[in-house]
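Visitor: 3D model of this:
(one chain, ligands or ions: 2)
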Amino acid sequence: MSPLDLGPISAPPNALADSLGRVVRYLRLSVTDRCDLRCTYCMAEHMTFLPKAEVLSLEELDRVATAFVGLGTRKLRITGGEPLVRKDVLWLFERLSRHLASGALDEITLTTNGTQLAQHAAALAGLGVKRINVSLDSLDAGVFRRLTRGGDLAKVLAGVDAAQAAGLAVKINAVALAHDNAAELPALIAWAHGRGMDATLIETMPMGEVEADRTDQYLSLTDLKRTLSSFWTLTDLPLTPSLKGIGGPARYVRVAETGGRLGFITPLSHNFCESCNRVRLTCTGTLHTCLGREDAADLRAILRGGGNETDLQDAIRASVWAKPAGHDFQIGRDLAPAVARHMSSTGG
Ligand code: SAM
Ligand code: SF4
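Guide: Ligands and ions are numbered 1, 2, ... in the order given. Okay, the predicted model is just below:
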């Protein structure tokens with residue numbers, strides 16, 4: 001079967017689909033591998049960042065994102081590294097907002113650590129961003145500083161305030177860590193819900209070498225959910241299209257006592273590959289169709305080799321067609337990371 005012969009798939013004829021019938025409508029676009037924090041589960045303490053020449057320019061990021069939009073991508077998430085440390089990143093949001101105006105895109109969102117949000121929240125809202133994810137693993141300034149190797153919690157909280165004041169819907173993402181924040185998670189969730197924000201918990205994934213021992217920090221969300229159920233009433237929420245929009249691979253519950261929604265992203269204890277609708281582009285233009293596999297297509301070579309939009313789209317189609325069925329993340333003391341690249345370079 002050729003890449004363009006989509007077989008028995010109930011998708012529009014021009015849809016970007018893989019050989020298993022999954023339709024890809026969601027691109028996560030990493031705009032930098034750099035970051036102002038060094039979260040212990042994400043980065044090594046002394047990271048070597050990419051030379052600037054290797055990173056796509058903002059114009060190149062716009063071109064490649066636009067090629068995806070031409071192939072039916074409906075949702076774009078800007079991520080990194082820390083996207084808001086990329087110089088002039090608002091220019092990219094402004095350029096991409098034309099696809100919102102034309103109706104080609106449903107949504108442009110952002111995943112951020114929040115440290116620069118206070119400066120940028122109002123502008124982002126003005127450019128059509130409606131909701132963002134803020135990653136925040138602890139409300140204890142000391143724990144936060146240790147986990148991020150030097151981060152200032154007050155800046156993130158000011159960022160969350162500014163985002164809400166600008167009318168952005170904020171979802172708090174927290175990586176569940178057995179020692180660092182397990183005991184604090186109920187308070188973190190209650191805080192988010194008390195401010196009208198959804199919260200999502202994420203299992204730590206084995207990506208890239210870091211100093212921290214992930215076996216030691218791994219906390220099964222299946223177990224955590226059981227613990228939460230011992231004092232909260234959790235009701236499973238059906239996966240409606242709007243929940244798919246916010247949650248992707250997350251499974252959501254309603255917490256009766258707080259009134260808020262809580263998501264669980266469980267790549268290890270329960271993987272979600274069968275419904276995966278997303279792909280990721282690194283800031284160097286490498287397309288990964290699976291977070292946990294080494295598959296990759298070099299779109300930068302096409303961008304910089306004089307390729308046009310059709311060339312880009314052909315490469316994207318071929319790569320998506322070959323999207324792996326799923327990943328096989330496992331955490332174990334003797335196991336190497338499933339993939340050598342860090343989440344920060346893949347675009348988490
Ligand atoms: N800097 C931004 C932030 O922290 O939100 C965006 C990039 S960051 C790589 C995206 C998300 O990936 C964050 O929520 C972070 O907690 C998560 N993350 C990073 N490394 C991870 C890992 N090894 N396992 C699970 N989640 C991870
Ligand atoms: Fe930076 Fe985000 Fe990675 Fe933390 S999780 S080091 S904020 S890229």
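
Visitor: the helices in the chain, which residues?
Guide: 58-70, 89-101, 117-126, 141-147, 153-165, 185-194, 214-217, 221-229, 241-247, 299-304, 309-321, 343-346 (DSSP state H).

Visitor: got TSV for these, with mean neighbour count, mean pLDDT and distance to I78 too?
Guide: In this view, the C-beta of every residue, glycine as well, is placed from N, C-alpha and C. Formatted as TSV, the helices of the chain follow (neighbours: other Cβ atoms under 10 Å; pLDDT from 0 to 100; distance: least, Cβ to Cβ, whole Å):
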stretch	mean neighbour count	mean pLDDT	distance to I78
helix 58-70	20	97	9
helix 89-101	18	98	7
helix 117-126	19	98	10
helix 141-147	16	97	23
helix 153-165	19	98	14
helix 185-194	18	98	22
helix 214-217	17	70	27
helix 221-229	16	94	26
helix 241-247	14	46	16
helix 299-304	19	98	17
helix 309-321	18	93	18
helix 343-346	25	57	14
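
Visitor: tell me which of the ones you listed approaches C35 most closely.
Guide: Within the helices of the chain, the stretch nearest C35 is helix 343-346; the backing value is 6.0 Å (Cβ to Cβ).

Visitor: I'd like to know how many residues surround S30.
Guide: 30 (other Cβ atoms under 10 Å).

Visitor: quick one: it from G263, how far?
Guide: Distance of S30 to G263, given as Cβ to Cβ, to the nearest Å: 22 Å.

Visitor: excluding chain neighbours, what is closest to L90?
Guide: Distance criterion Cβ to Cβ, 6 or more residues apart in numbering; nearest residue to L90, sequence neighbours excluded, is A123 at 5.6 Å.

Visitor: same thing with T235?
Guide: R254 (4.7 Å).

Visitor: next up, the contacts around the one you found.
Guide: Each residue near R254 by Cβ atoms under 8 Å, 6 or more residues apart in numbering is listed here: 234-235, 237, 260-262.

Visitor: neighbour-wise, give me the winner out of these.
Guide: Going by other Cβ under 10 Å, L262 tops these with 24 neighbours.

Visitor: what sits against G259?
Guide: G259 neighbours (Cβ under 8 Å, 6+ apart): H193.

Visitor: nearest to ligand 1, out of the helices of the chain?
Guide: Of all the helices of the chain, it is helix 343-346 that lies closest to ligand 1, at 3.3 Å by Cβ to the nearest ligand atom.

Visitor: for the residue nearest to T235, list each beta-bridge partner.
Guide: Counting by DSSP bridges, R254 is bridged to T235, R261.

Visitor: hang on, isn't S319 packed against L287?
Guide: Yes. In this structure, S319 is within contact of L287 by Cβ atoms under 8 Å, at 5.2 Å.

Visitor: so what sits against both of those two?
Guide: Contact criterion Cβ under 8 Å, 6+ apart; residues shared by S319 and L287: 279, 297.

Visitor: who in the stretch 101-250 of the chain is up against ligand 1?
Guide: The stretch 101-250 of the chain has residues 111-113, 135, 173, 175, 202, 204-205, 207 near ligand 1, with proximity defined as Cβ under 6 Å from any ligand atom.
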